[in-house]
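1. Pasting a predicted model and its sequence here:
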Amino acid sequence: MLTYNEKLSIIESFSELERKNVSLGRVNFQFEGSISDKKNIVYHLHPNGNGFVYAGQLDNYDTDEKGMVNIRDFSEDQLRKLLKQSIQSLSSVEKTAAEEAIIGDSKEERWVDSENNALILVEENESWNIYFGLNLDATFDTYEEAEAFLQEEGFTRK
């Protein structure tokens, strides 16, 4: 079983989630990019290691009446997979077949500029690649370098 701090670290690695401290030392994480009213992805993560992740639109999890899955006994891989699936289920972005071929199971973010041009930032092989459509536009060693480049070019995270 993962500790509270290990779960917290995994959840905080998803930049699209925003931390919200609640009562009794518990923490929620919200996905502001949700296309539904459902914003809480992580609900009441407690220092004792208990907590819940939204899986209401996913078929392969036992959920409660609110669509939540208890993550108390999840491994790191199980938690990462569930979080990614939960975010994707609430995301307005549908991947094309070509984008799916590039992105696969990699961590990705979408960035847009004022003219609605879109770039995809993908973590691949310990580096960060920026794609314009199917074309590789730039590669960076760290997320921070890629983020700074995108911001300098007038892009914001979608």
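-> Structure's in. What do you need? Because the structure is predicted, anything quoted here is derived from the model rather than measured.
2. hey, let's count contacts and neighbours off CA atoms from now on
-> Fine.
3. tally of neighbours for Arg110?
-> 16 (other C-alpha atoms under 10 Å).
4. residues contacting the nearest residue to it once chain neighbours are set aside?
-> Excluding the flanking residues, the one nearest Arg110 by C-alpha to C-alpha, 6 or more residues apart in numbering is Ile120, at 4.7 Å. Counting by C-alpha atoms under 8 Å, 6 or more residues apart in numbering, Ile120 touches Glu108, Glu109, Arg110, Trp111, Ile130, Tyr131, Phe132, Gly133.
5. Just the buried ones from those residues, in ChimeraX syntax?
-> Buried residues within the contacts of Ile120, by 16 or more other C-alpha atoms under 10 Å, are selected in ChimeraX with:
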select :108,110,111,130,131
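6. What residues of stretch 43-54 count as buried?
-> For stretch 43-54, by 16+ other C-alpha under 10 Å, it's Tyr43, His44, Leu45, His46, Pro47, Gly49, Asn50, Gly51, Phe52, Val53, Tyr54.
7. could the contacts of Ile120 be laid out in a markdown table, adding pLDDT and secondary structure?
-> As requested, the contacts of Ile120 are arranged in a markdown table below (pLDDT from 0 to 100; DSSP: H, G, I helix; E, B strand; the rest coil):
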| residue | pLDDT | secondary structure |
| --- | --- | --- |
| Glu108 | 79 | strand |
| Glu109 | 84 | strand |
| Arg110 | 81 | strand |
| Trp111 | 85 | strand |
| Ile130 | 94 | strand |
| Tyr131 | 88 | strand |
| Phe132 | 86 | strand |
| Gly133 | 78 | coil |
